[in-house]
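In: 3D, please:
(one chain, ligands or ions: 3)
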Amino acid sequence: MQALAANKVHDEARQGEAFAPFANDENTYSKKFYIESYGCQMNFSDSEIVASILQSGGFGATRNYEEADLVLLNTCSIREKAEQTVRKRLTEFRKIKEAKPGLLVGVLGCMAERLKSKFLEEEKLVDIVVGPDAYRTLPVLIEEAETGQKSVNVLLSREETYADISPVRLDSNGVTAFVSIMRGCNNMCSFCVVPFTRGRERSRDAHSIIAEAQDLFNRGYKEVTLLGQNVDSYYWAPPLNPLSRGGKEEAVTFAKLLEMVAQVSPELRVRFSTSHPKDITDEVLLTMARYDNICNYIHLPLQSGSTRVLQLMNRTYTREWYAAKVNRIREIIPDCGISSDIIAGFCTESEEDHAGTLSMMESSAYDMSYMFFYSERPGTLAARRYKDDVPEEVKKRRLKEIVELQNRLSYQSNKQDVGKTFNVLIEGNSKRSEADWMGRNSQNKVIVFPKGSYNYKKGDYVLVKVNDFTQATLIGEMVK
Ligand code: SAH
Ligand code: SF4
Ligand code: F3S
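Out: Ligands and ions are numbered 1, 2, ... in the order given. Here you go, the predicted structure:
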């Protein structure tokens, strides 16, 4: 993933595109696939699982769609704009398909799950539609599509975690990687489509997670981000048969899992996303404080600063409860970076509610936020129960105020870092200049600094003193 820019209004949850790697043994695979990913980190991580399944099915990855036999879009439904982006991209592929008969186009992910076979009626040139829990059936679906049939599998599962699949790292920097620890969501926030597109929550076998982290570390990776819609409700109980894992074994909570991953090596950084404020426990915070290699950074989406709106959103916490959680984080981990997601203009939101959001942002002093205006999603609780009654220009004005405030908060947060020295993991060259390194501190801030005459490389840890900053980047120099 690209650096997460601070202060940006994101049209999709975590924007970007994942491309398949160049490095392929041309002779191993007779056919090629090209994949683009939209939406959140889970989708990017899923594309790596899909790549693995396709390789076993005889398809090699290509970055160039012109040489592909199969084009896949891994899609997002979180806001209407996210779906529009995908529709636009599909129109472009329609032209390419017309010029190249035999090319198969498949739609994966949340939009596939939401629209199901309707997708084939609406987008006639799509051949394959596959939901997030059905990726194992891709090779069979492709075979069907090759005979000219349209193929669809959007069955959701209560068990699928792809635990045994070893992801093919796409577009990797070789230093940081995502590890999916759970799937689905049971929370039912009233604005959110995810419970419908991703199904029930289920946790992945803890041993397979540790094995994946260990394998990444053995291959030179230095940072893993544990992914789930609500990581703090991770809970994995070993199989009932006591013989299957050699006797008594305790259930694994998220705090325990964090500790197990942190123990892979002190040289392996651990991050996680996303935490629901209602579920993050003291035990998690204390585990973070105990291990230097668990990064001091929490993404803790607020959504709204009005208790009344939070109730309509079904977030299950109040404004005061959230504020107490932020205080607790700062008490246990004083230098913790905190970021948020904010929705402007949810149903019935008044000016007073909006002012409550601004004041909560201020008191939480977020380092960064993802900010959106409310987009009604068909089938969600809010779409069924409430009227989307805040006029678009009001939503936009409130969003603008939220963004401006976050810009100010990010400025203050960056300014406070000037003069401080951080342990930075080098991720690669800076985007602007090959003479500079780009890395991140524990708080997830991007730091750029000159390589100088030292012989460091990607994946090394270095101490960097901050001298200056721009909107989304700290600027510094290495210190001995
Ligand atoms: N599971 C994560 C969020 C996943 S979606 C969590 O609970 O934090 C990422 C963000 O998109 C949400 O936090 C929310 O701020 C935003 N979002 C979700 N549905 C939305 C909608 N209908 N309109 C606008 N923003 C939405
Ligand atoms: Fe959506 Fe809420 Fe689940 Fe996050 S916790 S995925 S916002 S329902
Ligand atoms: Fe989008 Fe699905 Fe993620 S709706 S935000 S890709 S879980």
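In: Kindly provide the whole-number mean pLDDT of the helix ranked longest in the chain.
Out: Identified as the longest helix of the chain according to DSSP state H is helix 392-417. For helix 392-417, the mean pLDDT works out to 98.
In: Check stretch 461-470 too.
Out: 98.
In: re the thing from before, helices and strands around the longest helix of the chain, which ones?
Out: Helix 392-417 is packed against strand 337-344, helix 351-364, strand 368-373, strand 461-469, with contacts defined by 3 or more CB pairs under 8 Å, 6 or more residues apart in numbering; DSSP states H and E. Yep, even glycine has a C-beta here, placed from its N, CA and C like the rest.
In: can these go into CSV with extra columns for distance to ligand 1?
Out: Below are those laid out as CSV (distance: least, CB to the nearest ligand atom, whole Å):
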stretch, distance to ligand 1
strand 337-344, 3
helix 351-364, 12
strand 368-373, 4
strand 461-469, 26
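In: I'd like to know which of these is closest to E212.
Out: strand 461-469 (21.9 Å; CB to CB).
In: got the residues of the stretch 51-200 of the chain near ligand 3?
Out: Neighbours of ligand 3 within the stretch 51-200 of the chain, by CB under 6 Å from any ligand atom: 76-78, 109-110, 193-194, 197-198.
In: Go back to the residues you listed and keep what's next to ligand 2.
Out: Of these, the ones that also sit near ligand 2 (CB under 6 Å from any ligand atom) are V194.
In: Tell me where the chain has helices.
Out: 41-56, 80-99, 110-115, 118-122, 138-146, 194-198, 206-218, 254-262, 282-290, 307-312, 319-332, 351-364, 381-385, 392-417.
In: In contact with whichever residue of the stretch 151-300 of the chain sits closest to ligand 3, which residues are there?
Out: Of all residues in the stretch 151-300 of the chain, V194 sits closest to ligand 3, at 4.8 Å by CB to the nearest ligand atom. By CB atoms under 8 Å, 6 or more residues apart in numbering, the contact set of V194 is 78, 110, 185, 229.
In: What distance do you get for it to R63?
Out: To R63, V194 is 29 Å away according to CB to CB, to the nearest Å.
In: Same question for D46.
Out: Distance from D46 to R63, by CB to CB: 19 Å.
In: Would you quantify the distance from the nearest residue to Y38 once chain neighbours are set aside to A82?
Out: Leaving aside its chain neighbours, Y38 sits nearest to C76 (4.6 Å; criterion: CB to CB, 6 or more residues apart in numbering). Distance of C76 to A82, given as CB to CB: 4 Å.
In: before we move on, what about E320?
Out: For E320 relative to A82 (CB to CB), the value is 33 Å.
In: for ligand 2, what are the nearby residues on this structure?
Out: Residues of the chain lying near ligand 2 (CB under 6 Å from any ligand atom): 185, 187-189, 192, 194-195, 229-230, 276.
In: Let's see that with 5 Å instead.
Out: When proximity is defined as CB under 5 Å from any ligand atom, the chain approaches ligand 2 at 185, 187, 189, 192, 194, 229-230.
In: Pick out the most distant pair among these.
Out: Maximum distance among the residues of the chain next to ligand 2 (CB to CB): 11.1 Å, for C192 and N230.
In: and stretch 271-282 with ligand 3, contact?
Out: No: applying CB under 5 Å from any ligand atom, one finds stretch 271-282 out of contact with ligand 3, separated by at least 10.1 Å.
In: CA atoms only for that stretch, dumped as CSV, please.
Out: What follows is stretch 271-282, C-alpha atoms only, in CSV (Å, rounded to 0.1, in the frame of the first residue of the first chain):
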residue,chain,number,x,y,z
ARG,A,271,0.4,-3.3,13.7
PHE,A,272,-3.3,-4.0,13.6
SER,A,273,-6.5,-2.5,12.1
THR,A,274,-9.3,-1.8,12.9
SER,A,275,-10.3,-1.4,16.5
HIS,A,276,-13.9,-0.8,17.5
PRO,A,277,-13.8,1.5,20.5
LYS,A,278,-16.3,-0.7,22.4
ASP,A,279,-14.1,-3.8,22.2
ILE,A,280,-10.5,-2.6,22.7
THR,A,281,-9.5,-3.8,26.2
ASP,A,282,-7.0,-2.8,28.9
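In: quick one: low-confidence ranges for this protein?
Out: When residues are selected by pLDDT under 70, those of the chain lie in 1-27, 241-248.
In: per the record, what domains does it have?
Out: Per the record, the chain has its domains at 20-153, 176-415, 421-479, by automatic domain parsing.
In: Dump those to a markdown table, plus distance to S166.
Out: Converted to a markdown table, the domains of the chain look like this (distance: least, CB to CB, whole Å):
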| stretch | distance to S166 |
| --- | --- |
| domain 20-153 | 6 |
| domain 176-415 | 7 |
| domain 421-479 | 21 |
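In: closest one to P167 among the ones you listed?
Out: Across those, closest to P167 is domain 20-153 (CB to CB), at 3.6 Å.
In: distance of the residue lying closest to I181 once chain neighbours are set aside from ligand 2?
Out: Spatial nearest neighbour of I181, chain neighbours left out: L226 (4.8 Å); criterion: CB to CB, 6+ apart. Note on L226: its distance to ligand 2, by CB to the nearest ligand atom, to the nearest Å, is 16 Å.
In: Verify the contact between L226 and A262 for me.
Out: No: L226 is not in contact with A262 according to CB atoms under 8 Å; the separation is 10.7 Å.
In: where do the contact lists of those two overlap?
Out: Taking CB under 8 Å, 6+ apart as the contact rule, L226 and A262 both touch V270.
In: What about L170, how many residues nearby?
Out: 19 (other CB atoms under 10 Å).
In: And R330, by the same measure?
Out: Neighbours around R330, by other CB under 10 Å: 14.
In: now do the one 10 residues further on
Out: Close neighbours of S340, defined as other CB under 10 Å, add up to 25.
In: What's opposite it in the beta bridge?
Out: S369 (DSSP bridges).
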